[in-house]
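1. Turn this into a model:
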Amino acid sequence: MIDIALLAGVAIVISSVLLVFGCVCHLFKRGSGFTTFENDLEGGFGNTVFSQDTSDISQVTFETIPDILAKTVTATALRPRISCTNTEIQKQSAKHLTSFKAFPRSHLTYIKEMGVGWFGQVLVSEAYNMVTSSRSTRVVVKMMKDDANSTEQQLFLQDLSVYREMDHPNVLKLLGQCTEASPFLTIVEYASMGDLKSYLRKERQIVKTMKDGIVRMQFLTDMASGLQCLHVNGYLHHDFACRNCVVMSNMTVKIGDYGVAEDHFREDYYDNGQDLLPIRWMAPESISLTNSIWQVTEFTKQSNMWSFGVAMFEVTEYGHQPYKDLTDEMVLQNMIKAYPTSIELPHTDDPIKSQLYQMMQLCWQDSSHRPQIEEIHAQLQKIQSEKEAADEAEFERKWAKMSTREARVVKVEVHASDISGIKHNVVDDICAADFNSNSLPTHINADEKGDNFNCEIVSGSIGHDSPISTPNRPTVHRSTSTPVGSNKDSNKVSNSQPSTPLSSVKDTNKVTRSQQSQ
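-> Predicted structure coming up:
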């Protein structure tokens, strides 16, 4: 009996251990959550993460990604990103935001995660029936974490109020929101090309092959236009940089971001233990050392102009980081504390770049001497217009040179017959055309009978073995009011010697030319 009892006890202990081990394994397996998304970008249907029934919305939870959470524990981004100089106006605007373009959660379908911000997740989604012209619209949804307190919710709404208030082609637009229950959702425009900094870096070679300077000049003009809109309406940007601008599908640049810049470009921020500071873009007067901690003093229109100058450097240098050879500590000590110094610009022989560099230097002057954004915008527009006009003139010059270089006056004998069948000479035609050759046919016999028009080259030469190419249609001036083959559909010219290709005819001048240079 003792042996049986002992065996039974051992069996119970072993069973208990196995049971506990299995439970622990199961818990660890559940805790892993989802960290990657394998959804088809174009598909995405059936992954609606926004519940239609909002009565039990609190039961829906979204696990945060551990490594992103660890990044944002010690320091947070400067919020709101764009603030109004009149705080009361911004607070009132945030209150009205809760009733702005309410959109059903059930009409939003998740596609993929873009990143994580201080507020929660950012999701690329499809919105159904948002606009009448399209059943489905690609959008970006910023989802507030469901455990956010009232202060965080207020800050979340303030951060987006500028996108609701501004209706400008160079400012990101707020399309709608779901704020009737938690979690709060806001819907903004989707930029298919991504942020401007990533685009400049990724598409560097493509941008270089485009019209020299035109694309980047358009980017700069768009950025200046957007910042001018903010300043005119009393808004200041706390982190103006290419990473906080987006490129739309039509290559328009808009000021605005999705709140993930600190996640995607952590190397651009200095962590002081409390805030993430974009020190390489900040004006010297907007940051100071207090109690051994670098802190923000204030943002002004003048400090925005310093940042705009740095953003101009980014665009001209294809997204290169300012002071890339210096550490954050060196930037703070040498560039800001000891002696405020602007970015060292590379030498260039490009007159457009030289003008842009001069404008950057103006933005990096003492705050009292910096230009206003209206002046910079006007100057950028002028440079862009002059660049486009110069390119157009150069194109026309090259085209005209190519088109007139080989122009010839050619004698053409046209024999036409009227209804009676009696042939008569019409006129000598003057043909001006560029055949990219050193000589042209000099004697052409043409017969017209009824609706048929036949032309025969009886003398002349072609200077190249390659096929003849014409950059534009030859212009024929006739000195008679009687058109020959006026019906363009019946002007069918056939070579009377089809067996002899044009490429094989060369140096066969058997008849004296009646040709002179034009």
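2. hey, which helix is longest across this protein?
-> Among the segments of the chain that qualify as a helix by DSSP state H, the longest is helix 373-404.
3. mean confidence for that helix?
-> Taken as a whole, helix 373-404 has a mean pLDDT of 86.
4. Which strands or helices does that helix pack on?
-> helix 214-232, helix 301-316, helix 351-363 (3 or more C-beta pairs under 8 Å, 6 or more residues apart in numbering; DSSP states H and E). Quick note: C-beta positions are derived from backbone N, CA and C, even for glycine.
5. Comparing these, which comes out most buried?
-> Across the helices and strands packed on helix 373-404, the average number of neighbours (mean count of other C-beta atoms under 10 Å) peaks for helix 301-316, which reaches a mean of 23.
6. quick one: residue 169 and residue 312, what's the gap?
-> Look at residue 169 and residue 312: by C-beta to C-beta, to the nearest Å, they are 20 Å apart.
7. picking up where we left off before, can you tell which of the helices and strands packed on helix 373-404 is closest to residue 147?
-> Minimum separation from residue 147 across the helices and strands packed on helix 373-404 (C-beta to C-beta) falls at helix 214-232, 32.2 Å.
8. now the angle between helix 351-363 and the closest one, please.
-> Between the axes of helix 214-232 and helix 351-363, defined by axes from the mean of the first three to the mean of the last three C-alpha atoms, to 10 degrees, the angle is 20 degrees.
9. which secondary element of this structure has the worst mean pLDDT?
-> Lowest mean confidence among the helices and strands of the chain (mean pLDDT, DSSP states H and E): helix 66-71, at a mean of 36.
10. quick one: the strands in the stretch 51-200 of the chain?
-> With strands called from DSSP state E, counting those that start in this stretch, the stretch 51-200 of the chain shows them at 76-77, 82-84, 108-116, 120-131, 134-144, 174-178, 185-189.
11. looking at those, which is closest to residue 289?
-> strand 76-77 (20.2 Å).
12. circling back: indicate which one of the helices and strands packed on helix 373-404 is closest to residue 145.
-> Once the helices and strands packed on helix 373-404 are compared by C-beta to C-beta, helix 214-232 is nearest, at 27.8 Å.
13. and the angle for the closest one with helix 373-404?
-> Using the same axes, to 10 degrees: helix 214-232 against helix 373-404 is 160 degrees.
14. So which elements touch the following helix or strand past helix 214-232?
-> Next along the chain after helix 214-232, taking DSSP states H and E as the criterion, comes strand 235-237. With contacts taken as 3+ C-beta pairs under 8 Å, 6+ apart, strand 235-237 sits against strand 82-84, helix 214-232, helix 301-316.
15. tilt between the last one and helix 214-232?
-> Relative orientation of helix 301-316 with respect to helix 214-232: 170 degrees, computed using the same axes, to 10 degrees.
16. Can I get helix 301-316 in PDB? Just the C-alpha atoms.
-> Extracted C-alpha coordinates of helix 301-316, given in PDB (Å, rounded to 0.1, in the frame of the first residue of the first chain):
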ATOM      1  CA  LYS A 301       8.700  83.300 -37.200                       C
ATOM      2  CA  GLN A 302      12.400  84.100 -37.200                       C
ATOM      3  CA  SER A 303      13.400  80.700 -35.800                       C
ATOM      4  CA  ASN A 304      11.200  79.100 -38.500                       C
ATOM      5  CA  MET A 305      13.200  81.000 -41.100                       C
ATOM      6  CA  TRP A 306      16.500  79.500 -39.700                       C
ATOM      7  CA  SER A 307      14.900  76.000 -40.000                       C
ATOM      8  CA  PHE A 308      13.700  76.800 -43.500                       C
ATOM      9  CA  GLY A 309      17.200  77.600 -44.500                       C
ATOM     10  CA  VAL A 310      18.400  74.200 -43.200                       C
ATOM     11  CA  ALA A 311      15.500  72.500 -45.100                       C
ATOM     12  CA  MET A 312      16.700  74.200 -48.300                       C
ATOM     13  CA  PHE A 313      20.100  72.700 -47.700                       C
ATOM     14  CA  GLU A 314      18.500  69.300 -47.400                       C
ATOM     15  CA  VAL A 315      16.700  69.700 -50.700                       C
ATOM     16  CA  THR A 316      19.700  70.900 -52.600                       C
END
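17. Please state the mean pLDDT value computed over it.
-> What helix 301-316 shows for mean pLDDT is 97.
18. go on, the longest one?
-> Model confidence over helix 214-232, given as mean pLDDT, is 95.
19. Ok, the shortest one next?
-> Averaging pLDDT along strand 82-84 gives 90.
20. about what we covered before: considering the strands of the stretch 51-200 of the chain, which stretch scores lowest in mean pLDDT?
-> Minimum mean pLDDT among the strands of the stretch 51-200 of the chain: strand 76-77, a mean of 64.
21. I'd like the helices and strands packed on strand 235-237 as a markdown table, with distance to residue 118 appended.
-> Shown next, in a markdown table, are the helices and strands packed on strand 235-237 (distance: least, C-beta to C-beta, whole Å):
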| stretch | distance to residue 118 |
| --- | --- |
| strand 82-84 | 15 |
| helix 214-232 | 22 |
| helix 301-316 | 21 |
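22. what about the closest residue to residue 330 other than its chain neighbours, how many residues close to it?
-> The shortest distance from residue 330 to any non-neighbouring residue, by C-beta to C-beta, 6 or more residues apart in numbering, is to residue 323 (7.8 Å). By other C-beta atoms under 10 Å, the residues close to residue 323 number 18.
23. mind checking how far residue 323 is from residue 266?
-> Taken as C-beta to C-beta, the span from residue 323 to residue 266 is 16 Å.
24. Could you list everything residue 237 pairs with in the sheet?
-> residue 82 (DSSP bridges).
25. Retrieve the pLDDT associated with it.
-> Here the pLDDT value assigned to residue 237 is 97.
26. Residue 19 too?
-> With respect to pLDDT, residue 19 has a value of 71.
27. that's a helix at it, yeah?
-> Yes. Looking at residue 19 with DSSP: H, G, I helix; E, B strand; the rest coil, it is inside a helix.
28. how near is it to residue 9?
-> Distance, residue 19 to residue 9, using C-beta to C-beta: 16 Å.
29. Repeat that for residue 158.
-> 65 Å.
30. ok, now residue 177?
-> Residue 177 sits 63 Å away from residue 9, going by C-beta to C-beta.
31. ok, now residue 293?
-> From residue 293 to residue 9 the distance is 63 Å (C-beta to C-beta).
32. So residue 158 and residue 9 - more neighbours on which side?
-> Neighbour tally, residue 158 and residue 9, criterion other C-beta under 10 Å: the higher count belongs to residue 158, 21 against 10.
33. For the more buried one, give me the pLDDT.
-> What the model reports as pLDDT for residue 158 is 82.
34. so residue 193 makes contact with residue 246?
-> Yes. Contact criterion C-beta atoms under 8 Å: residue 193 and residue 246 qualify, at 7.4 Å.
35. Give me the neighbour count for residue 385.
-> Neighbours around residue 385, by other C-beta under 10 Å: 12.
36. how near is it to residue 247?
-> 22 Å.
37. picking that back up, can you check which of the strands of the stretch 51-200 of the chain gets nearest to residue 287?
-> Here strand 76-77 is closest among the strands of the stretch 51-200 of the chain (C-beta to C-beta), at 15.2 Å.
38. residues touching residue 370, list them.
-> The neighbours of residue 370, taking C-beta atoms under 8 Å, 6 or more residues apart in numbering as the test, are 302, 305-306, 362-364.
39. Now it. Nearest residue, chain neighbours left out?
-> Using C-beta to C-beta, 6+ apart, the nearest residue to residue 370 is residue 305, at 4.6 Å.
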